[in-house]
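generate coordinates for the sequence data below:
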Amino acid sequence: MKKYLFFFFLLISRILFSQADCSTALAVCGNSNITYSPSGIGAVNESLGGCLITGEHNSIWYKITIATGGTLTFDLVPGDPDADYDWAVYGPNVSCGSLGAAIRCNAATVIGVGASTGLNMTSTITSAAGGSLTPYCKYLDVLPGQTYYLYIDNWVDVFNPTLAPFSLTWGGTATLASPFTNPAIQTQPFSPPGIPAVNPADPREIVICQNPAIFDFNTLSSGILNGNINFTISYHTSQNDALSGANPIFTPQTVNMTSVYYYSIHYEDPVNPNNPLNSCRQVGAFKFKQGNITGNNVNLFSCNNNNSGLGTFDLTSAAVFGDPTAIKKYYHTVTDLNAGINEITNTTNFTSAEGTIYVKIISQYGCTATAVISLKFYPVVVVTEASLRACFIESNPSTGLFNLTTSAVTTQTSTKKYYPSLTDAQNGTNEILNPTAYISPSGVIFIKVIGGNSCFSIAKVNLLVLPPVYSNILQDKIICIEDQTTLDAGPGFTAYEWSTGATTQAISNVGVGTYWVKLKTGECISRQAVKVYASEQPVISEVDIANSTVTVHVTGGSPTYQYSMDGINWQDSNIFTNVTRGDHHIMIKDSYNCAPIDITIVVPNLVNVITPNGDGINDVIDYSALGNKQNLVFNIFDRYGDKIFEANKSNAYKWDGTVAGKKVPTGTYWYSVTWNENDKKNTLFKYSGWVMVKNRD
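Have a look, this model is predicted:
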């Protein structure tokens, strides 16, 4: 296509397309890629010379500053192969008013070899005129601090009307100056606004809560700059404007969800306002995304435990909004919510009756919504008070063995736990771990009945220990040891079991001994012991014999006593008179009238006169015949009651009327003889009497 045709059309097109001039050239900032779509020319159709003899069409100017020297190349690739891009490089260190001749220029008409053009390391030419088939020129050798101007123009006519963006990529060993790659200037990374789009290739998204919305772009600046000083930001509605800094947005304006917006960061050297780096711009794109949210009204349930009228609610568990990053604030009333006062702070352990809670939801992007939580109770676990009865434990009659699991406290399907007190049941402490075999006195326990949703009610269970029931008829008995008797437990029991094996109310022909009977009342059995004692036999404790009178002293047994010497004739008196000398039986019995106690007594032949003259007749009182008795004592007393002689084993229990070898005066003396009989009771016998002693000298 001939670029020198249709010149008149191109002159008109300059009016329709406005773009940068050399004086407003865009600074190239570092070796980053450039994308741009030139449309029209700037304010001046500049005289270019060289291979670009037809002037400007759809152009853009760039100013390049070299940071480190070396070789410099670039690839300029149109976004459409039908586009026809020409270009020229001026410099080094020239001004727009006197650019001089282009040091590299290419206006080649590319046919069949692709639309890309630029500088490379293999080409040897420095200029390619229109119609040439050589799209690449020789690389540049550059030095630090040098500046160059790059002019790029998309040549179009009525036969070649393609307008398309280009992509420019730098190459070679040289680096281009940029404030964005100098850590002394840009100390922190910039932070692009918004969030990544679903497609990472799409512009980032800033969430707004209304559509349409009036947005102040300046609110983004601080976040984007991220603390970097000497940088400013402007906002634009097109990429070209952002790259050139044209038509910045100064005031809040209405935005929509479809348009793409751009921010442009550029450096401002605080010392050198003419620093070429001041023209460097870093551009980013963003869109707005609808972010308004809607809360969900939900019911939140809790247990009305023990029907207290209060439940504990975890307000944060109510699914009022799906995004877990959202902030939720809870209030008692809509008025409090709107005013932001009296916020509920114990949200995870909120105690309340049934009612309504209002939630303010703040999304991660600052959008808000409200929701209502209706606090409700799960169905109450219905329980009733119950009672349990247990038979007494024989070893500890005040206690009983209870099976607490049989308590009929509810008809609902539930889990039960057992506690000794209401406080324990409420707090879940001191649980009874053996509810099927719980030993306790009469009292109460409490059952926590846990139904669906882990709700519970507490039921009171009264424990009653059934005491032993004994016969008040059955009493211990006393009988004669040789007798038998009848034991009767009396009526009123449902069963009897005697230690003899009998199962009747009474047992007969029972002798002395210990017995028991199990008495059944309902389901309880009381074991009652009963004893049949042998009556205590009376004991003849002492027998006094005075001449022919015998006095019997009795202990033990059950008075009154009866006395007899022949077993036939019985008397109430314990004194027998005119008892003849010799052996006799004394029998006694007490009120039980058992077999009598029988002892043998001896009424001795009493000596009333001794004449100790040595003639062998009545010379002594002699009780040696009693020498085999226990504790035999034979004493002589004068008429004043003073003991003057004691007969013992050494003097053969005899007295010859002397004291210490001297004859006592003639007179009457008293004597007594005592001993314990050699029987089971060691019965005490006492004989007493008087004797006349006749001593003749």
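
look up how far residue 477 lies from residue 515.
10 Å (CB to CB, to the nearest Å). Where C-beta positions appear, they are placed from N, C-alpha and C, glycine not excepted.

nope, residue 654 is what I was after
54 Å.

neighbour-wise, which of the two wins?
residue 477 (16 against 13; other CB atoms under 10 Å).

verify the stated contact: that one with residue 484.
No: counting by CB atoms under 8 Å, residue 477 does not reach residue 484; the two are 10.4 Å apart.

next, the contact list for residue 79, please.
37, 164-167 (CB atoms under 8 Å, 6 or more residues apart in numbering).

now these as JSON lines including distance to residue 597?
Output for the contacts of residue 79, formatted as JSON lines (distance: CB to CB, whole Å):
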{"residue": "37", "distance to residue 597": "148"}
{"residue": "164", "distance to residue 597": "151"}
{"residue": "165", "distance to residue 597": "147"}
{"residue": "166", "distance to residue 597": "150"}
{"residue": "167", "distance to residue 597": "145"}
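
most neighbours, which of these?
Counting neighbours by other CB under 10 Å, residue 166 leads those with 24 neighbours.

contacts only, for it.
With CB under 8 Å, 6+ apart, residue 166 has these contacts: 35-38, 76-79, 83, 85, 152, 154.

between those, which is nearest residue 344?
For these, the closest approach to residue 344 (CB to CB) belongs to residue 35, at 53.3 Å.

may I see the buried residues of the helix or strand harbouring the closest one?
Taking DSSP states H and E as the criterion, residue 35 maps to strand 34-36. Neighbour-count burial for strand 34-36 flags 34, 36 (criterion: 16 or more other CB atoms under 10 Å).

so where's the stretch 101-250 of the chain shaky on pLDDT?
Across the stretch 101-250 of the chain, residues meeting the criterion (pLDDT under 70) sit at 110-114, 158-159.

just the strands in it please.
Using DSSP state E, counting those that start in this stretch, the strands of the stretch 101-250 of the chain run over residues 104-106, 117-120, 127-128, 136-138, 140-142, 147-154, 166-171, 175-176, 204-208, 213-215, 231-236.

paired strands for the second one, with orientation please.
What it means is strand 117-120. Strand 117-120 has its sheet partners listed here by DSSP bridges as strand 70-78 (antiparallel), strand 136-138 (parallel).

chain center to the shortest one: distance?
Same thing as strand 136-138. The chain centroid and the centroid of strand 136-138 are separated by 79 Å under CA atoms, centre = their mean, to the nearest Å.

what lies in contact with that strand?
Here strand 136-138 makes contact (CB under 8 Å, 6+ apart) with 104-106, 117-120, 122-128.

need the contact list for the spatially most central residue of the chain.
Closest residue to the average C-alpha location of the chain: residue 428 at 10.5 Å, with CA atoms, centre = their mean. Contact analysis of residue 428 by CB under 8 Å, 6+ apart lists 417, 448.

any weak-confidence spans in this protein?
1-20, 110-114, 158-159, 605-606, 697.

still on that earlier bit, can you list the strands paired with strand 117-120 in a markdown table and add mean neighbour count and distance to residue 620?
Output for those, formatted as a markdown table (neighbours: other CB atoms under 10 Å; distance: least, CB to CB, whole Å):
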| stretch | mean neighbour count | distance to residue 620 |
| --- | --- | --- |
| strand 70-78 | 20 | 171 |
| strand 136-138 | 22 | 181 |
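
what's the burial count for residue 227?
So residue 227, with other CB under 10 Å, has 11 neighbours.

and the spatially closest residue to it that is not a sequence neighbour, how far from residue 308?
Closest residue to residue 227 apart from its sequence neighbours, by CB to CB, 6 or more residues apart in numbering: residue 188 at 5.1 Å. Plainly put, residue 188 is 58 Å away from residue 308 if you go by CB to CB.

quick one: the helices in the stretch 201-350 of the chain?
Secondary structure of the stretch 201-350 of the chain (DSSP state H, counting those that start in this stretch): helices at 221-225, 239-244, 334-339.

most packed of those?
Of all the helices of the stretch 201-350 of the chain, helix 239-244 has the most neighbours on average by mean count of other CB atoms under 10 Å, namely a mean of 21.

so which bits of the strand or helix carrying residue 425 are buried?
For residue 425, the element it lies in under DSSP H and E is helix 422-427. Judged by neighbour count (16+ other CB under 10 Å), helix 422-427 contains these buried residues: 424-426.

what about the residue lying closest to residue 460 once chain neighbours are set aside, how many neighbours?
Leaving aside its chain neighbours, residue 460 sits nearest to residue 385 (4.9 Å; criterion: CB to CB, 6+ apart). Number of residues near residue 385 (other CB under 10 Å) recorded here: 11.

hang on, residue 385 packs against residue 447?
No: under the criterion of CB under 8 Å, residue 385 is not in contact with residue 447, lying 10.2 Å apart.

and for these two, which residues touch both?
Here residue 385 and residue 447 have 409, 459, 461 as joint contacts, going by CB under 8 Å, 6+ apart.

mind checking which of the residues you listed land in strands?
Among these, the residues falling in strands (DSSP state E) are 459, 461.

now do the helices in the stretch 501-650 of the chain.
Going by DSSP H, counting those that start in this stretch, the stretch 501-650 of the chain shows no helices.
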